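Colleague: From the sequence below, what's the structure:
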Amino acid sequence: QVQLVESGGGLVQPGEALRLSCEVSGSIYGYVSIGWFRRTPGKEREGIACTNRNDGRTRYSDSAKGRFTISGDNAKKTFTLQMDNLRPEDTGVYYCAAYASTTNELCTLHLWMYDHWGQGTQVAVSS
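Modeller: Here you go, the predicted structure:
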């Protein structure tokens, strides 16, 4: 059984940074992509970053480019989201998720592609 567990959320001030972690247990076969999503107040869940487990290619949403960095440690089965220069509008629940493809295509930020989800971790950015 595949499980994803997020950690690292918390309360920070604007301009500060947080590092979220996603620990993956169980086996996923195929070309695996790991994504980070968030649900902010009043908005639908949105994809912000993803990475291909096998080759490390990444994709970012416009809101994440230049501030967030996704990376993975396959040996530790841990994927992180480094979030710098946080803003109040980044406040929300952050989720990691995974899916497997039969082709080595670049990961997608479309949430309906993802089969496995964590429970989420809360991020609050406030002065």
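
Colleague: ok, V125 touching V12?
Modeller: Yes: between V125 and V12 there is a contact at 5.7 Å, judged by C-beta atoms under 8 Å. Where you see a C-beta, it was placed from the backbone N, CA and C, and this is true even at glycine.

Colleague: Now do the shared contacts for the two.
Modeller: Shared contacts of V125 and V12, defined by C-beta atoms under 8 Å, 6 or more residues apart in numbering, are found at L86.

Colleague: Next up, the contacts around W36.
Modeller: Residues counted as contacts of W36 (C-beta under 8 Å, 6+ apart) are 20, 22, 47-50, 68, 70, 81, 94-97.

Colleague: And those residues, which is closest to H110?
Modeller: Looking at the contacts of W36 and their distance to H110, the nearest is G47, at 6.8 Å (C-beta to C-beta).

Colleague: count of residues packed around the closest one?
Modeller: 22 (other C-beta atoms under 10 Å).

Colleague: in what helix or strand does the residue nearest the centre of the chain lie?
Modeller: Among the residues of the chain, the one closest to the centroid is W36, at 1.8 Å (C-alpha atoms, centre = their mean). When secondary structure is defined using DSSP states H and E, the element that contains W36 is strand 31-39.
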